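Chemist: below is the sequence, then the predicted model.
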Amino acid sequence: MRNPPRNPALDAIPRNLMVELDERKAALRRAGRKLHDFGLGDPLEPTPPFLREALRAAVPEVSQYPSPLGTPALRGAAAAYLARRFGVAVDPDRQVVPATGAKEAIFHLPLAFRGGARRKVILPDPGYPTYEAGARMAGLEPVKVPLRAGNGFLLEPGDLPASLLDETLLLWVNYPHNPTGAVAPRAYLERVGKAALDHGFVLVADECYADIWFDEPPLSMLQIQVENVLAIHSCSKRSGMTGYRSGFVAGDADLVAQVKRMRSHPGVASPDFVSAAAVAAWGDDAHVAARREVFRQKRDRLVAFFREHGLKVQGSDATLYLWVEVPAGQSSAGYASRLLDEAIVVSPGTAFGAAGEGFVRVSLVPTLQDIEEAVQRWRTVR
């Protein structure tokens, strides 16, 4: 069609700045340059063999539709993980619903709750872009709240007008936080949980990085309260299963029931053989500890280099990301472009929202050897 119909929500979603960088990356590859890619958070460490074997063993002779509610084994494994990791007891049949990865769950979640008078979705800036995309595609109104280093990148509901909170349908929190790597203390989680109860909104905690930490294990919002709360977890970063697309949503039974009703329609259930691998992943902690140690070594090497190079790292207490201030007088996009001239790929902070200006996100993806090579190139960039 010459002039196809357009959904205005698509036009309202900001264009990802990584698209332009991807085009330049492709040009560098065509020119034979070796890239040091700290951009996309997609780890290169192999998926543990026992998880691959669990998937292979579960591939059936006859392939049939999977249930949108997931397998009982997967719901049970997710509940057991929450009990073991956080000391939180949930009913696997009433309070857990599997998802095809966290991104899919985040995108579709607003559809389960829209329709009433509340139309605001509060989300962090900088933050994961899918929070905004899901809200807009559901016909809701995203409200971005700038996060600042001065208060630990915490989205404080007490700083927002009560009238706004009374109109809020969903409020997103994400700790450990992508892209800054910040973590949230118990007192903060208690404040935001109380606000959800006082103002009647759904509090959604994206906890996909809960097992990638370097000092103290982060808390779950479910340790504070379950009422009015949904928590999202994923096998992707925890277990090196980004391509498997498996996660889950857990929390308030009434909210989970609504999510289940919505998920029966779009056909997004993970195949049962993927679910079998996820069961194995949620049931094992040793492989997670081993992966965490690999990320720690990468983090320590890069933090030491940035300190030596005069670059300040903010947040970065967890996740596989470092949130690095760009040199004075430079923009996020400009500094990312300058690094790309040296075949070093980082994400400009503004790819995660306007409040990300002045930073770049550095993913702990390349190998230690590749990091050493990248450091030598980075030394030339000022």
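Modeler: Okay, I see it.

Chemist: the helices in the stretch 251-382 of the chain, which residues?
Modeler: Taking DSSP state H, counting those that start in this stretch as the criterion, the stretch 251-382 of the chain contains helices spanning 253-263, 272-282, 286-309, 332-341, 368-378.

Chemist: what mean pLDDT does the third one get?
Modeler: Read that as helix 286-309. In this model, helix 286-309 has a mean pLDDT of 97.

Chemist: buried sites along that helix?
Modeler: Using 16 or more other C-beta atoms under 10 Å as the test for burial, helix 286-309 gives 287-288, 291-292, 295, 298-299, 302-303, 305-306. C-betas here are computed from N, CA, C, even on glycine.

Chemist: can you give me the strands for the protein?
Modeler: Using DSSP state E, the strands of the chain run over residues 36-37, 96-99, 120-125, 141-146, 168-173, 202-206, 229-234, 247-251, 313-314, 321-325, 344-345, 347-348, 359-363.

Chemist: export those as TSV, with columns for mean pLDDT, distance to Glu190 and mean neighbour count.
Modeler: Formatted as TSV, those follow (pLDDT from 0 to 100; distance: least, C-beta to C-beta, whole Å; neighbours: other C-beta atoms under 10 Å):
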stretch	mean pLDDT	distance to Glu190	mean neighbour count
strand 36-37	92	39	20
strand 96-99	97	24	27
strand 120-125	98	18	24
strand 141-146	98	19	17
strand 168-173	98	12	25
strand 202-206	98	12	27
strand 229-234	98	12	26
strand 247-251	98	16	28
strand 313-314	96	24	18
strand 321-325	98	25	24
strand 344-345	94	39	24
strand 347-348	94	32	25
strand 359-363	97	28	27
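
Chemist: so which of these gets nearest Gly181?
Modeler: When those are compared by C-beta to C-beta, strand 321-325 sits nearest Gly181, at 5.1 Å.

Chemist: contact partners of the closest one?
Modeler: Residues from elsewhere that reach strand 321-325, judged by C-beta atoms under 8 Å, 6 or more residues apart in numbering: 41, 178-182, 299, 302-303, 306, 311-316, 346, 349, 358-364.

Chemist: any idea which helix or strand in the protein has the lowest mean pLDDT?
Modeler: Lowest by mean pLDDT, DSSP states H and E among the helices and strands of the chain is helix 18-30, with a mean of 75.

Chemist: so Glu72 touches Pro98, yeah?
Modeler: That one is not Glu; residue 72 is Pro. No - contact criterion C-beta atoms under 8 Å: Pro72 and Pro98 do not qualify, at 10.6 Å.

Chemist: give me the number of residues near Gly329?
Modeler: 7 (other C-beta atoms under 10 Å).
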